[in-house]
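Novice: Quick check, what structure comes out for this input:
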Amino acid sequence: MIKYLNERSGPSPLEKCLPLNAMLFSESVSLLQKLIATPSFSGEEDEAAEIIQEYLSGYSIKTKRKGNNVWCYNKYYDSAKPTILLNSHLDTVKPNEGYTNDPFCPEILGGRLYGLGSNDAGGCLVALLATFLHFYSYKGLGFNLCFAATAEEENSGYNGIRSVLPFFGDLQLAIVGEPTLLQMAIAEKGNLVIDGVCLGRSGHAAREEGDNAIYKCIKDIEWLRTYEFPQVVKGISPVKMTITVIKAGSQHNTVPAKCEFTVDIRHDDTYTQQHILDTIKNHVSAQIQVRPGSLGATSITPHHPIVKAGQMIGCKTYSSPTTSDQAWLSIPSVKIGPGNSARSHSSDEFIFLEEIKNGTKLYIKLLNTLPLILINNPIKPKNEINHFNN
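Specialist: This next block holds a predicted model:
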């Protein structure tokens, strides 16, 4: 007779067999400090990738590398078992002008580790790596683990995770490390970026000459600011459009003939990106161009075993307004990790040391709990994980 989840209590079998190595936390902090001290802007992660490879080599773990992407597998990999991807990114944005600290100085003050990339997403990266090492040598795993430290997440670059996904093999599930306050994102908004251009005719500002392109843009921008796509779920706006850049004119006495603007669009899966784009084009006079690298919205059913496992250990679920490499995955995935998304790309970025420790513990507990969910819940949706227990 199969028991219900709430009838099973106590630690999982893996928790009994695999005590957490206390050294992993101190090593994680040291590793993150090395990464912070090594500039790794998008497309320039080569030294950071080498640091990860050298660290894993210290454990006699063979790694694979393509470009600035590094990945590896658990010691007793078995192709007959399903594989879980543990992924976070190596790259960072460039430091903004508001920094008062050296962004590449990994200083620890008051329980906080400061530095560029500490929160987004270095803390997640080292916590996932510690989790991988925790399970690496265990023979009794009912699943394989693929740890991947990937490049070009911040700019949705072609040489990031999407360039190496075909080399990872058959994956059934992914845990993507991003700062979420250890809450589990089961949906993620897509990101569409467009550039608009309004054309006019130049003339002297002192006379009634020309056709001011700025005035044309104002009408378009006001529509973009105020238009609301119809709601399918009451109270939830499916599309958010924000003007982030505007450029026009070169002299104070010349009517500008050209005005350019950029729109950052975040959306759920209510409308396709093509529908959103068509709606915009039908309402504005500007010429619209879509930037490459647009990311679609993602979601996972709340009934998926990984979501149930998260809920069982106390994770809150939510829909994330930000995008990540999760958008490139065609398999079920969740986004979760230590740190706070509100600190990402901010001045004097930091992560609490306690967040890294708790993140590692949560990842381990999540993977320990997953087999219990599947043992106790044999009814699973199609195309989901076949088995995680031997």
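Novice: quick one: the most centrally placed residue in the chain from residue 368, how far?
Specialist: For the chain, the residue nearest the mean C-alpha position is residue 324 (2.9 Å; Cα atoms, centre = their mean). In this view, residue 324 and residue 368 are 24 Å apart by Cβ to Cβ, to the nearest Å. All C-beta atoms are positioned from the backbone trio N, CA, C, and that covers glycine.
Novice: excluding its backbone neighbours, what's nearest residue 260?
Specialist: residue 247 (4.7 Å; Cβ to Cβ, 6 or more residues apart in numbering).
Novice: Sketch out the low-pLDDT regions of the stretch 151-300 of the chain for me.
Specialist: Residue ranges of the stretch 151-300 of the chain with pLDDT under 70: 235.
Novice: What segments of it are strands?
Specialist: 173-176, 184-188, 190-199, 203-204, 239-248, 254-255, 258-267, 287-290, 298-299 (DSSP state E, counting those that start in this stretch).
Novice: Check which helices and strands the fourth one sits against.
Specialist: Contact here means 3 or more Cβ pairs under 8 Å, 6 or more residues apart in numbering; DSSP states H and E; on that basis strand 203-204 packs against strand 254-255.
Novice: Give the partner strands of the strand it packs on in its sheet and their orientations.
Specialist: With DSSP bridges as the test, strand 254-255 is paired with strand 203-204 (antiparallel).
Novice: Give me the contact list for the strand it pairs with.
Specialist: Identification of contacts with strand 203-204 by Cβ atoms under 8 Å, 6 or more residues apart in numbering yields 209-211, 253-255.
Novice: helix or strand right after the helix or strand hosting residue 135?
Specialist: When elements are assigned from DSSP states H and E, residue 135 belongs to helix 123-136. Sequence order places strand 144-150 as the next helix or strand after helix 123-136, per DSSP H and E.
Novice: What helix or strand is the closest residue to residue 127 other than its chain neighbours located in?
Specialist: The spatial neighbour of residue 127 that comes closest, neighbours along the chain excluded (Cβ to Cβ, 6+ apart), is residue 359 at 3.9 Å. Per DSSP H and E, residue 359 falls inside helix 353-376.
Novice: and that helix, what other elements does it pack with?
Specialist: helix 13-17, helix 23-36, strand 112-114, helix 123-136, helix 305-312.
Novice: just these: most buried one?
Specialist: Scoring those by mean neighbour count under mean count of other Cβ atoms under 10 Å gives helix 123-136 as the most buried, with a mean of 26.
Novice: Give me the buried positions along stretch 52-72.
Specialist: 52-53, 55-56, 61, 63, 65, 67-72 (16 or more other Cβ atoms under 10 Å).
Novice: now stretch 234-245
Specialist: Neighbour counts over stretch 234-245 (16+ other Cβ under 10 Å) mark 238-239, 241, 243 as buried.
Novice: same deal with stretch 151-163?
Specialist: 151-154, 156-157, 159-163.
Novice: Out of those, which is nearest to residue 181?
Specialist: Proximity of those to residue 181 (Cβ to Cβ) peaks at residue 153, which lies at 19.1 Å.
Novice: and the nearest residue to residue 189 once chain neighbours are set aside, bridged to which residues?
Specialist: With sequence-adjacent residues excluded and distances taken as Cβ to Cβ, 6+ apart, residue 189 is closest to residue 266, at 4.5 Å. Residue 266 has the following beta-bridge partners by DSSP bridges: residue 191, residue 240.
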